[in-house]
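Novice: sequence first, predicted coordinates after that:
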Amino acid sequence: MSEKLSAWDGRVRPSTFEEYSRKYEEFFVMTRRDGIIELRMHTDGGPFRHSWVGHNAWHQAWAEIGNDPENEVLIITGTGDRWHTGDPAELWHTPFPEWSTDSQLKMYGDMLKLLENIVFGVDIPTIAAVNGPGTHCEFATACDITLCVEDADFFDPHFMGGGVPGDGMGLTLQHTIGTKRASYYMYTGEPIDGPTALRLGLVNEVQPRENLLPRAWEIAEMMMARPRASRRLTHAIAGRPWKRALVDDLGFHAAHQLWGMAIGEAGQLDKLRQMAGRFRGPQEGPTSEE
């Protein structure tokens, strides 16, 4: 232990960029320049395809990135023209009530840590560049600044798929666009495209796709031109409302979603299949089960 402490100015050495960028390379392409770290979600070089292992990797990556003092500003984006893609039938081929107790508890932990680790564990300015449609926009919405393209598709699919909107998107809608509007979008699953998201206050800017990431870097470089303490303390102020929201409500939301899933009412997977086009990219055809 004494060797570890002396190697990094009397502290335990955190994982280095080289270590965690390799560790999570299946899920993120990581780039760092002059203190700005960019995480580009991907699967095999294309748009990120949702999986439970990826869902678990996200929050672990947030923690390691937040622990690295060489990171000064974080940019999160996706690959190509999709923020996120996948097929709900693949994810839920085993009904949740049939999962082991251990797996159910891990799901609950992942649901919490996905937002908790980026809100509580990342103490630097955060910028999301939502490059297209896809689910799981909650952590993008909880970033200090959120940019998107016109065809972004912020939506919460849970209720329309027969479930309960508890894993974070409903919560972030409540705290950005207001209770009444959030209720409407949670119940209807209506898409919120880029211009609508800007009008409602869900994002800060809408950019053409080719300008999206350069604009995120432009903002990050502007932040880097200011003192380090100013960046971190401003982020603390920007993130405090999210910390309060998560402490007050995230566990409540997540528990209700999993409670609804545990009841296991018939027909939920069929409803998700009917919505499959919202989850899958244009290059993906229907599954053999449809």
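Specialist: Cool, the structure landed.

Novice: phi first, then psi, for Ala152.
Specialist: The phi/psi pair for Ala152 (degrees, to the nearest 10) reads phi -60, psi 160.

Novice: neighbours of it, how many?
Specialist: 29 (other Cβ atoms under 10 Å). Using the backbone N, CA and C atoms, a C-beta is placed for each residue, glycine as well.

Novice: ok, it touching Ala128?
Specialist: No: look at Ala152 against Ala128 with Cβ atoms under 8 Å: they stay out of range, at 10.5 Å.

Novice: what does the helix or strand that contains Asp102 rub up against?
Specialist: Assessed by DSSP states H and E, Asp102 sits inside helix 101-119. Helix 101-119 is contacted from outside by 52, 55-56, 58-60, 62-63, 66, 96, 99, 126, 138-139, 142-143, 166-168, 171, 239, 242-243, 246, 250-251, 254-255, 257-258, 262, using Cβ atoms under 8 Å, 6 or more residues apart in numbering.

Novice: mind giving me the packing neighbours of the following helix or strand past that helix?
Specialist: Using DSSP H and E, the helix or strand that follows helix 101-119 in sequence is strand 126-130. Applying 3 or more Cβ pairs under 8 Å, 6 or more residues apart in numbering; DSSP states H and E, one finds that strand 126-130 makes contact with strand 73-77, helix 138-141, strand 145-148, helix 209-224.

Novice: ranking those by burial, who's on top?
Specialist: Most buried of the helices and strands packed on strand 126-130 by mean neighbour count (mean count of other Cβ atoms under 10 Å) is strand 145-148; its value is a mean of 26.

Novice: report the strands that pair with that strand, each with its relative direction.
Specialist: strand 126-130 (parallel), strand 205-206 (parallel) (DSSP bridges).

Novice: now do the helix or strand that it is followed by, average pLDDT.
Specialist: The element immediately downstream of strand 145-148 (helix or strand, assigned by DSSP H and E) is helix 169-174. The average of the pLDDT scores along helix 169-174 is 96.

Novice: format the CA atom coordinates belonging to helix 169-174 as CSV.
Specialist: C-alpha atoms of helix 169-174 as CSV (Å, rounded to 0.1, in the frame of the first residue of the first chain):
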residue,chain,number,x,y,z
MET,A,169,-36.2,9.4,-18.7
GLY,A,170,-39.5,10.2,-17.0
LEU,A,171,-37.6,11.8,-14.1
THR,A,172,-35.5,13.9,-16.4
LEU,A,173,-38.6,15.0,-18.3
GLN,A,174,-40.3,16.1,-15.1
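
Novice: off-centre distance for that helix?
Specialist: Chain-centre distance of helix 169-174: 12 Å, with Cα atoms, centre = their mean, to the nearest Å.

Novice: stretch 34-50 too?
Specialist: 12 Å.

Novice: buried set for it?
Specialist: In terms of neighbour count (16 or more other Cβ atoms under 10 Å), stretch 34-50 has its buried residues at 35-43, 47-50.

Novice: can you list the low-confidence ranges for the stretch 151-290 of the chain?
Specialist: For the stretch 151-290 of the chain, the stretches with pLDDT under 70 are 265-290.

Novice: now with 80?
Specialist: Within the stretch 151-290 of the chain, the stretches with pLDDT under 80 are 264-290.

Novice: contacting residues around the residue nearest to Ala236 when sequence neighbours are not counted?
Specialist: Excluding its sequence neighbours, the residue lying closest to Ala236 (Cβ to Cβ, 6 or more residues apart in numbering) is Asp123, at 7.1 Å. Going by Cβ under 8 Å, 6+ apart, Asp123 touches 66, 232, 235-236.

Novice: contacts only, for Gln207.
Specialist: Per Cβ under 8 Å, 6+ apart, neighbours of Gln207: 147-149, 215.

Novice: average pLDDT for stretch 104-117?
Specialist: 94.

Novice: which residues does the residue nearest to Asn117 when sequence neighbours are not counted contact?
Specialist: Nearest non-adjacent residue to Asn117, counting by Cβ to Cβ, 6+ apart: Trp62, 3.9 Å away. By Cβ under 8 Å, 6+ apart, the residues touching Trp62 are 117-118, 121-122.
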